[in-house]
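Undergrad: The sequence and its predicted three-dimensional model are supplied below.
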Amino acid sequence: MYQLSINQTAFLQNTWQKKPQVFRQAFKHFADPISADELAGLACEEEVASRIVLTTEQGNNWQVLNGPFTDYGQYGEQNWQLLVQALNHWYPDCQPLIEAFRFLPDWRFDDLMASFATPGGGVGPHIDQYDVFIIQGEGRRRWTVGDTGCHQQRGGATTSPLIENFTPIIDEILEPGDMLYIPPGFPHQGFTLTQAMSYSIGFRAPSQQELLSSMADYLIDHNQGQQRFTSTAEPQQPGMVPAAQQQGLLALLSELANAPQLYQPMLGKLLSQNRFELDLCEGETLSAKELQQALQEGAIISRIGGLKVLLLENDSESRLFINGESFAFATADLPHAQTLTNLTSIHSDTALGMLQSEGMCCLLRQLLAQGYYYLADDE
């Protein structure tokens, strides 16, 4: 069990998306949820997103190698770091660590990245466009964080995530259980002092590009958005586009933002999808009687790691959004739908109560058949 020992209300009011901050002993008696050997084993798998970052002995240049990896001996005992993305998709034992951060909304949650680093290992100075909590496990790492502003990309390479060195506003060494929070736009860099494990929990919001692209895809897929611009007066100069017509054209986009029947399904699909591959279970096709019997014998219904199950407030329809799909339910089943969104594991008594609704029973069986949920033993 991981208990985050910070004042969550004060954090949301004073720190969240405002400023970076170090929290000493955010997790008291912190224990690594995964070992270095287990992490290295995961990085051998084709479907797991992993990379190794090599640092030159001078510490001013970095090379990125993408997994899977089969041999780590060639990298030596210093100046490299292994990073595995979406650990929560592949390693269920890390779920309790994620639960500690569910005071923030699931739709923002991106993934849990774990890293193993040798002395001197790091990824170089860079800027992320998402919120990140960095939790120190075994070992010690020094972190520097700079202020927002104009930062030059390293070597002038416009495609490089690295930036030139910055002036730190935070320069701290993290010990096991310490945590560093960094909002979007703040440059930062980690430097490993001893062999170390660390964990990055990221929260991301869609950009304007992503929102517009998703809206366009939805309108095209559903043959919507056919309205065209009309006007009652035209300019005297044929080559001129009047300001009023510019605004009128853009007003067509504004109308989409005021049409819940259009933007809500787009948002539900976008926000419930993951950037990384899910470890889907082999689906269980169960009859209602078989499911009931399994629950009566003490089984619980668990969702797979990383799966987002979302409701939109004031939705124009009664539906859940799961991994980019929508699942309708009866209005009377809203409390059961809320249970699905709020709990990652549903214990037998609660699940048996949900089976009393024929519609919810069908939905649970469908989610099990699609591999989004699975039956597990109650521990």
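TA: Right, received. Where do you want to start? Numbering: from 1, shown residues only.

Undergrad: where does the stretch 251-379 of the chain dip in pLDDT?
TA: Within the stretch 251-379 of the chain, the segments meeting pLDDT under 70 span 379.

Undergrad: Residue 305 looks like it's in a strand, true?
TA: No: under DSSP: H, G, I helix; E, B strand; the rest coil, residue 305 falls outside any strand and is assigned coil.

Undergrad: Phi, psi for it please.
TA: Comment: the main-chain dihedrals of residue 305 come out as phi -60, psi 130, following degrees, to the nearest 10.

Undergrad: neighbours around it, how many?
TA: Other residues within reach of residue 305 by the criterion other CB atoms under 10 Å amount to 21. C-beta: built from backbone N, CA, C; applies to glycine.

Undergrad: got a list of what it touches?
TA: Under the criterion of CB atoms under 8 Å, 6 or more residues apart in numbering, the contact partners of residue 305 comprise 88-92, 94-95, 278-279.

Undergrad: gap between it and residue 235?
TA: Using CB to CB, to the nearest Å, one gets 58 Å for the distance from residue 305 to residue 235.

Undergrad: State the helix or strand in which the spatially most distant residue from the centre of the chain lies.
TA: Of all residues in the chain, residue 236 has its C-alpha farthest from the mean position, at 52.4 Å, by CA atoms, centre = their mean. Assignment of secondary structure by DSSP states H and E places residue 236 within no helix or strand.

Undergrad: what are the bridge partners for residue 52, then?
TA: Taking DSSP bridges, one finds residue 65, residue 82 as the beta-bridge partners of residue 52.

Undergrad: Does it touch residue 67 like I think?
TA: Yes: judged on CB atoms under 8 Å, residue 52 makes contact with residue 67 at a distance of 7.4 Å.

Undergrad: which residues does the residue nearest the centre of the chain contact?
TA: In the chain, the residue lying closest to the centroid (CA atoms, centre = their mean) is residue 110, at 0.6 Å. Listed by CB under 8 Å, 6+ apart, the contact partners of residue 110 are 130, 202-204, 275.

Undergrad: Mark which of these are buried, thanks.
TA: Among those, the ones that count as buried by 16 or more other CB atoms under 10 Å are 202-204.

Undergrad: Can I get these in a markdown table including secondary structure?
TA: Formatted as a markdown table, those follow (three-state DSSP):
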| residue | secondary structure |
| --- | --- |
| 202 | strand |
| 203 | strand |
| 204 | coil |
